[in-house]
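Undergrad: predicted coordinates and the sequence they were generated for:
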Amino acid sequence: PEIISFSSIMFVSSIYVLYSENWHVVALNVLLFVIFSFSFITVLYPPWLIQAGYLDLILVLGYVLANPLKKILLEKFVWLRAGLVLAGVVLLGSVTAYFYFEIKEFVDIMKATVYPGSRKFEGGDITAARLFGDYLFFTLKETTIPPDWYNICEASGYILFFPAVIVAAIFVHFKKIRIPALVWLLSGYLVILSVWALTGLPAIIAKVLLLDQISGVRTSSFIGISSIILVVVFLNESKRFSSAFKASSVTVFLLGIFIGIYWIMGKINFMFTDKISPEELLGLAGYFTLMHLCFFTKWKWGRIAFFIALIPFLIPNLLINPVSRGLDPITKHPIYTFMSGVKQRFSDGRWIVFGPNSPVVANLLKASGMRVFGGATLSPNIREMEILDEQKKYNEVYNRYIDQFNIIPAPKGTQPQFTLNFGDAITLAIPPCDYKLKDIDIRYALFLYGPQAEETECMQILDSKFPFPAFSYKDSVAGSTMSRATTN
């Protein structure tokens with residue numbers, strides 16, 4: 001939301017800077033542009049910054065092409081306007097440079113990581129069913145997100161109408177009706193992002209356009225936003241465009257749209273565990289197809305009808321949002337509440353969590369105030385990782401931002417082993433009594449299952465009131481039963 005807010009204000013303020021005939025308004029909007037551009041830059045997340053930056057440039061260019069600047073720039077306080085813009089550029093450059101040097105050490109750490117620092121994407125890592133999945137998103141529940149959509153936080157998206165709009169715009173163009181430049185600019189933006197997400201592009205093109213910084217999953221947000229803008233712009237011109245469409249051409253369009261929507265819905269439905277029936281698919285495909293009639297009609301209420309028809313599919317979104325849930329899933333979780341109550345007793349060392357789903361429990365411990373090895377990790381502690389990985393075999397696995405750091409027990413006497421699950425998720429397999437754990441200040445262990453005696457021979461059990469089996473390491477992890485791995 002913040003990226004969208006910042007870039008929207010940047011776009012609006014830049015238009016006022018270029019077109020306002022009141023120098024006070026120009027000065028105010030130069031200041032707004034500087035403030036929100038700086039806020040935009042400090043998000044420090046290239047995949048979104050690049051896409052949002054391109055979209056802002058497209059919107060400004062589309063507006064300028066539709067509203068020539070020549071008269072205003074030549075007649076209205078030319079030098080004062082130029083001076084205000086120059087002052088804004090100097091101010092933005094100064095505060096950005098100051099900010100950069102303040103955080104340079106952190107930036108260097110992140111740049112040195114494999115992920116996200118030096119990662120490069122090849123595109124083609126998202127399916128058409130995933131990209132257009134929101135045609136059936138309203139049928140999903142929090143517990144029925146398809147496994148391929150590995151992160152529930154990224155499951156939602158947008159109902160995309162842009163393919164039909166682009167085809168309709170090309171048809172109108174060949175009927176000798178002028179199409180606004182913004183339609184072509186947005187169409188090109190959408191086509192490039194979609195091709196990158198679905199199939200990838202040649203490496204040289206991806207590098208020049210900076211697309212190699214963006215994964216396919218990360219394109220869905222800005223494909224959705226730009227699709228909405230394109231639909232609104234096209235609907236705004238629909239009365240003028242409607243003369244290009246005869247009954248026969250509209251019929252062909254609607255038939256093609258119906259086939260396309262039904263096909264993609266079938267692909268989406270195949271991914272779901274709670275599938276809907278073929279009859280329901282036909283009905284929904286027909287409903288969405290009829291919505292496209294609004295692109296081709298002269299009916300004055302067509303635009304309103306289009307947005308009203310969307311409401312039934314948007315209502316379910318109101319039931320899944322942070323406002324309706326708040327922080328209760330965390331603060332009322334039994335692990336969080338218990339650990340919050342005992343954290344003063346166990347603040348002298350770090351915890352480690354073994355077992356399936358350990359990142360979730362580790363994060364709950366962190367939220368309760370405990371010091372924890374594992375869970376979400378913004379940047380790796382390379383010194384600690386190299387203690388566990390003495391031969392530095394797995395540097396490219398753990399040298400990254402880690403959203404899911406899973407820790408599982410390994411047999412006694414084996415070397416710790418890191419495995420990359422996907423971009424920001426890794427698994428560490430390590431014997432619970434490995435002597436290296438004492439060197440990274442591990443004093444307490446939580447098991448999400450009933451541990452074997454061999455796994456806890458170096459520990460003593462804690463209070464049985466813990467929600468899971470909890471242990472403290474004997475002699476602060478320095479007990480004689482700590483094991484050394486066998487060198488292979």
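TA: In hand now; what should we look at? Keep in mind it's a predicted model, so treat the numbers as computed, not measured.

Undergrad: which parts of stretch 58-72 are buried?
TA: Ile58, Leu59, Gly62, Tyr63, Ile72 (16 or more other Cβ atoms under 10 Å). Just so you know, the C-beta spots here come from the backbone N, C-alpha and C atoms, and that holds for glycine as well.

Undergrad: number of residues surrounding the closest residue to Lys412 other than its chain neighbours?
TA: Taking Cβ to Cβ, 6 or more residues apart in numbering, and ignoring the residues beside it in sequence, Lys412 has Pro431 as its nearest neighbour in space, at 5.0 Å. Taking other Cβ atoms under 10 Å as the neighbour definition, Pro431 ends up with a count of 23.

Undergrad: repeat that for Ile259.
TA: Residue crowding around Ile259 was assessed by other Cβ under 10 Å; the count is 12.

Undergrad: these two touch, right, Leu69 and Ile15?
TA: No. Because the distance of 10.5 Å does not satisfy Cβ atoms under 8 Å, Leu69 is recorded as not touching Ile15.

Undergrad: circling back: quick check, nearest of the buried residues of stretch 58-72 to Trp23?
TA: Compare each of those with Trp23 using Cβ to Cβ and the shortest gap goes to Ile72, at 12.2 Å.

Undergrad: immediately after the worst-scoring helix or strand of the chain on mean pLDDT, which helix or strand?
TA: The helix or strand with the lowest mean pLDDT-type score in the chain, counting by mean pLDDT, DSSP states H and E, is helix 322-325 (a mean of 58). As assigned by DSSP states H and E, the chain's next helix or strand after helix 322-325 is helix 328-331.

Undergrad: for that next one, which residues meet the burial criterion?
TA: Of the residues in helix 328-331, none has enough neighbours to count as buried (16+ other Cβ under 10 Å).

Undergrad: show residues contacting it.
TA: Residues external to helix 328-331 that are found in contact with it (Cβ atoms under 8 Å, 6 or more residues apart in numbering): Tyr336, Thr337, Leu364, Ala367.

Undergrad: hmm, who's touching the helix or strand where Val191 lies?
TA: Assigned by DSSP H and E, Val191 belongs to helix 181-198. By Cβ under 8 Å, 6+ apart, the list of residues contacting helix 181-198 from outside reads 51, 54-55, 58-59, 61-63, 65-66, 123-128, 131, 162, 165-166, 169, 201, 206, 209, 211, 214, 216-217, 219-220, 222-223, 226-227, 229-230, 233-234, 237.

Undergrad: let me know the average pLDDT across that helix.
TA: Model confidence over helix 181-198, given as mean pLDDT, is 96.

Undergrad: show the buried residues in the contacts of helix 181-198.
TA: Burial by neighbour count, 16+ other Cβ under 10 Å: within these this picks out 51, 54-55, 58-59, 62-63, 123, 125-127, 131, 162, 165-166, 169, 201, 206, 209, 211, 214, 216-217, 219-220, 222-223, 226-227, 229-230, 233-234, 237.

Undergrad: just the ones of those residues in helices?
TA: Among the buried ones among the contacts of helix 181-198, DSSP state H puts 51, 54-55, 58-59, 62-63, 131, 162, 165-166, 169, 206, 216-217, 219-220, 222-223, 226-227, 229-230, 233-234 in helices.

Undergrad: give me every residue that touches the closest residue in space to Ala66 that isn't next to it in sequence.
TA: Taking Cβ to Cβ, 6+ apart as the measure, Ala66 lies nearest to Pro180, with 6.0 Å between them; neighbours along the chain are not counted. Contacts of Pro180 were listed using Cβ under 8 Å, 6+ apart, and they are Gly62, Ala66, Val233, Glu237.

Undergrad: how close does the last one get to Ser243?
TA: With distances defined as Cβ to Cβ, to the nearest Å, the gap from Glu237 to Ser243 amounts to 11 Å.
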